[in-house]
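Asks: this is the structure alone, sequence omitted:
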Ligand SMILES: [Fe+2]
C-alpha cells in the first residue's frame, strides 16, 4: 500500500512541476511580446495606440465570430503586431513626417508587412500564426492586396479580421496629416469594401448592432486609457511605467508574479 501511495505522490509532484514550468514558459512568451509592444511605443506612440485599438476591435469581431480562446489569442497577437514593420529604420522618416504620403513613400510603406514578418520570424516556432497573419494583413478579399495578392479564404482568418479593424481605426482616428472621421463614416467605408476588400461574412458581423455596440464601448475605453497615458507622459517625461491595459496574453499580474517566484 505504501509504495502505491508513494508512486501517486511522485506522479502528482511531477505533474505540478510540469504545470509550473508550462505556466512559466507561457508567461515568458507573454513578457517577450509585451517587450516588443514597448519597443513599438518607444519608437512611435501613435502606432502603439493604433495597434492597441485595432486589437480591441479585432477581438470584438473574433468573439462575435465564435472563435475559440486559442484563436482569439492568435487574432489579438496579429492585431498588436500587424504594423511592427513600420518601426524599421528604413521607414522612420516616412512614418514621422507630418504630410500626406508621396507615391514613393507609399511604395516604401507597402514593405512594412514583409519587414514585420521578418522581425517576428524568431517567434514563428512559438506563434506560427503570428508571422503569416502579419504578412497578410494588407491582402484583400479580391486579390488586389499585397504583398502576395492572396484572395478570399487563402488569406488567414486573423489577417481578414485585422484588415477590417485596421481600416475602421484608420478612418475614425486622426493621423498626423488627417483628422479622424465619424463612426458612421467608418462603417460606411467597411460596408463599401464588402466582398471586394473584406470578407463579406465578417463585414456583416462587424456591422451588426451588437458588435457595433461593443466597438463603441472599446473606443470609449481606449480613449480614456490614451488620455491617462498622455497625462502620465506630461508628468513623468516619456517614461510610463504602468501597463495601460491587460491583454489576454499578458504575462502575469503582480500577485501571480509573486506566487511564481
Ligand atoms: Fe499595416
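Replies: Right, received. Where do you want to start? All figures in this text were calculated on a predicted structure; none of them were measured in a lab.

Asks: remind me which residues of this structure are low pLDDT?
Replies: Within the chain, the ranges that satisfy pLDDT under 70 run 1, 176-177, 232-261.

Asks: got the residue ranges for the helices in it?
Replies: Taking DSSP state H as the criterion, the chain carries its helices at 2-43, 45-64, 69-81, 92-96, 103-109, 112-120, 128-135, 157-172, 183-192, 200-207, 209-236, 254-260.

Asks: off-centre distance for the fourth one?
Replies: Averaging C-alpha positions (C-alpha atoms, centre = their mean, to the nearest Å) puts helix 92-96 21 Å from its chain's average.

Asks: and the first one, by the same measure?
Replies: Distance of helix 2-43 from the chain centroid (C-alpha atoms, centre = their mean) equals 24 Å.

Asks: so what's residue 148 closest to, chain neighbours aside?
Replies: residue 139 (6.7 Å; C-beta to C-beta, 6 or more residues apart in numbering). (Each C-beta comes from the backbone N, C-alpha and C, glycine too.)

Asks: correct me if wrong: the one you found contacts residue 163.
Replies: Yes. Counting by C-beta atoms under 8 Å, residue 139 sits close enough to residue 163 to count as a contact (7.4 Å).

Asks: who touches both of those two?
Replies: By C-beta atoms under 8 Å, 6 or more residues apart in numbering, residue 139 and residue 163 have these common neighbours: 145, 155.

Asks: give me the buried positions along stretch 112-132.
Replies: By 16 or more other C-beta atoms under 10 Å, the buried positions in stretch 112-132 come out as 112-120, 123, 127, 129-132.

Asks: gap between the two ends of that stretch?
Replies: 13 Å (C-alpha to C-alpha, to the nearest Å).

Asks: contacting residues around it?
Replies: By C-beta under 8 Å, 6+ apart, the list of residues contacting stretch 112-132 reads 29, 32-33, 74, 77-78, 81-86, 88, 90-91, 134-138, 146-147, 156, 158-159.

Asks: need phi/psi at residue 180.
Replies: Dihedral pair for residue 180: phi -70, psi 150, per degrees, to the nearest 10.

Asks: mind listing what it touches?
Replies: By C-beta under 8 Å, 6+ apart, the residues touching residue 180 are 171, 172, 173, 174.

Asks: residue contacts, the first one?
Replies: By C-beta under 8 Å, 6+ apart, the contact list for residue 171 reads 180, 181, 185, 186, 189.

Asks: show me what contacts the nearest residue to it once chain neighbours are set aside?
Replies: Spatial nearest neighbour of residue 171, excluding adjacent residues (C-beta to C-beta, 6+ apart): residue 186 at 4.4 Å. Residue 186 makes contact with 168, 171, 172, according to C-beta under 8 Å, 6+ apart.

Asks: for residue 186, give its distance to residue 197.
Replies: Here the distance between residue 186 and residue 197 works out to 14 Å (C-beta to C-beta, to the nearest Å).

Asks: how far away is residue 63 from residue 76?
Replies: Taking C-beta to C-beta, one finds residue 63 at 11 Å from residue 76.

Asks: neighbour count: the two, which is higher?
Replies: Per other C-beta atoms under 10 Å, whichever of residue 63 and residue 76 has more neighbours is residue 76, with 22 against 14.

Asks: test my guess that the more buried one contacts residue 57.
Replies: No. If you go by C-beta under 8 Å, residue 76 and residue 57 don't touch, sitting 11.0 Å apart.

Asks: list the contacts of residue 64.
Replies: Contact analysis of residue 64 by C-beta under 8 Å, 6+ apart lists 205, 206, 208, 210, 211, 214.

Asks: isn't the second one right up against residue 163?
Replies: No. With contacts counted by C-beta under 8 Å, residue 206 stays clear of residue 163, the gap being 10.7 Å.

Asks: quick one: contacts for residue 212?
Replies: Applying C-beta under 8 Å, 6+ apart, we find residue 212 in contact with 183, 187, 206.

Asks: mark which of the residues you listed are buried, thanks.
Replies: Among the contacts of residue 212, those buried by neighbour count (16+ other C-beta under 10 Å) are 187, 206.
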